[in-house]
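J.: build me a model from this:
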Amino acid sequence: MSVDQLVTMIKPMLEGAQMTVLLFLIAIAVSIPLGFLLTLAVQSGIKPLAWCAHTYIYVMRGTPLLLQLLFICFGLPMLPVIGEYLVLDRFTAACLGFILNYAAYFSEIFRGGLLAIDKGQYEAAQVLGLSKWQTTTRVILPQMFRVALPAVSNESVTLVKDTALLYAVSVPELLHYAQTVVNRDFTIVPFFIAGIIYLIMTLLLTAWFKWLERRFKFD
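T.: Next comes the predicted model:
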């Protein structure tokens, strides 16, 4: 295989990788804050709110992400009366599906981080005269994120790989272009190239999280 042929294969796949990276950045930027809000809702003393949050998390974690994407892309427009107002661009619908799904997972990660904090931390903050807001922002949240960071890192890597599901809802991402090149050139080389691109993306993301762990001494 010549260099020109290899470049011809890689160029469209790199364009698809841009879509993959864009989806990842949007999903991670929105799902993490949303997941934290869900954690607060679950921990809330308002029982209806906590129940709704628990139910949402159970449904989103208990059903396949692919099913959720298909429902948002193709099911919502079929709903009676309101369906015509729920027709979304495929990429927008995919972003929404990833955000809603991963917010539920991040919520459970943050909840685990909160449960890992010793109750003595609250008592110590109270003895020091810290307000509830100060206790939360200066004592509890930093420790929670410290505990949750490794799990957030793992979930983020999973998110990168799950972007391949865009292929199922006809969003032209990395895997879509790889399959297109395979069909055009009758070679499996594009699949190997796609695998290498995914590995590079996950490697860079993992290295960044490792840097965060060293930077903030999350040992």
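J.: which elements pack onto the helix ranked longest in the chain?
T.: Longest helix of the chain, by residue count under DSSP state H: helix 3-43. Counting contacts by 3 or more C-beta pairs under 8 Å, 6 or more residues apart in numbering; DSSP states H and E, helix 3-43 packs against helix 47-62, helix 90-115, helix 141-162, helix 174-185, helix 189-215. For glycine as for every other residue, the C-beta is placed from the backbone atoms N, C-alpha and C.
J.: for the first one, what is the average pLDDT?
T.: Confidence over helix 47-62, taken as the mean pLDDT, stands at 94.
J.: continuing past that helix, what's the next helix or strand?
T.: helix 65-70 (DSSP states H and E).
J.: before we move on, back to that, turn the helices and strands packed on helix 3-43 into CSV, columns for mean neighbour count and distance to F24.
T.: Written out in CSV, the entries for these read as follows (neighbours: other C-beta atoms under 10 Å; distance: least, C-beta to C-beta, whole Å):
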stretch, mean neighbour count, distance to F24
helix 47-62, 14, 18
helix 90-115, 21, 8
helix 141-162, 17, 6
helix 174-185, 19, 11
helix 189-215, 14, 8
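J.: pLDDT value on V182, please?
T.: 84.
J.: ok, V81 next?
T.: So V81 comes in at 82 (pLDDT).
J.: for it, the count of nearby residues, please.
T.: 6 (other C-beta atoms under 10 Å).
J.: please begin residue numbering at 721 from this point
T.: In the new numbering, first residue 721, that becomes V801.
J.: just say helix, strand or coil for it.
T.: coil (DSSP: H, G, I helix; E, B strand; the rest coil).
J.: circling back: next, the angle from the longest helix of the chain to helix 909-935.
T.: 50 degrees (axes from the mean of the first three to the mean of the last three C-alpha atoms, to 10 degrees).
J.: give me the mean pLDDT for helix 723-763.
T.: Mean predicted lDDT for helix 723-763 stands at 88.
J.: quick one, what contacts the residue lying closest to V859 once chain neighbours are set aside?
T.: In this structure, V859 finds its nearest non-sequential neighbour in A845, 5.0 Å apart by C-beta to C-beta, 6 or more residues apart in numbering. Listed by C-beta atoms under 8 Å, 6 or more residues apart in numbering, the contact set of A845 reads Q854, T855, V859.
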